[in-house]
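[1] sequence first, then the predicted structure, then my questions.
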Amino acid sequence: MGMASLSSVWAQSNASGTLQGSVADPKGQALAGAAITVQAEGKPYVHKAVTNSEGRFTVSGLANGKYTVVIAAPGFSAVTRYGVQSEQIARRHSPLH
């Protein structure tokens, strides 16, 4: 299996947060069609997105709180991040194997 990298920015505005990011393969090429799932911890609310032809995605309308974020792409192992805070502004870099 290959390895890809995910870099994303989490930003919050008022009571609604937005997760934006991009997914790339080991050569830095955009990875289109990667599935992004964002779920509020302890709640049934799930937001989904798919990366576009440039490997970019946006998930908006997120209430304040903690989230689990899963990034999956065919041919790569999924990456899961727990406890992502919607109030944070942080840069994240995670490998997909």
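    Sure, I can see it.

[2] these two touch, right, residue 33 and residue 74?
    Yes - between residue 33 and residue 74 there is a contact at 7.2 Å, judged by Cβ atoms under 8 Å. All C-beta spots, glycine's among them, are computed from the backbone N, C-alpha and C.

[3] of the two, who's got more company?
    Just comparing residue 33 and residue 74: by other Cβ atoms under 10 Å the higher neighbour count belongs to residue 33, 12 against 8.

[4] per-residue pLDDT of the more buried one, please?
    Per-residue pLDDT puts residue 33 at 94.

[5] give me phi/psi at it?
    Note on residue 33: its backbone torsions stand at phi 80, psi 10 [degrees, to the nearest 10].

[6] and it, what is it in contact with?
    Residue 33 sits next to 50, 51, 73, 74 when contact means Cβ atoms under 8 Å, 6 or more residues apart in numbering.

[7] what about the third one, how many residues nearby?
    If I follow you right, that is residue 73. Residues near residue 73, counting by other Cβ under 10 Å, number 23.

[8] how much space separates the closest residue to it other than its chain neighbours from residue 82?
    Distance criterion Cβ to Cβ, 6 or more residues apart in numbering; nearest residue to residue 73, sequence neighbours excluded, is residue 34 at 3.9 Å. Distance from residue 34 to residue 82, counting by Cβ to Cβ, to the nearest Å: 19 Å.

[9] next: residue 62.
    15 Å.

[10] for those two, indicate the residue with more neighbours.
    residue 62 (20 against 10).

[11] how would you label the more buried one: helix, strand or coil?
    Judged by DSSP: H, G, I helix; E, B strand; the rest coil, the three-state class of residue 62 is strand.

[12] grab the nearest non-local neighbour of it.
    Nearest non-adjacent residue to residue 62 (Cβ to Cβ, 6+ apart): residue 17, at 3.9 Å.

[13] noted, bye for now.
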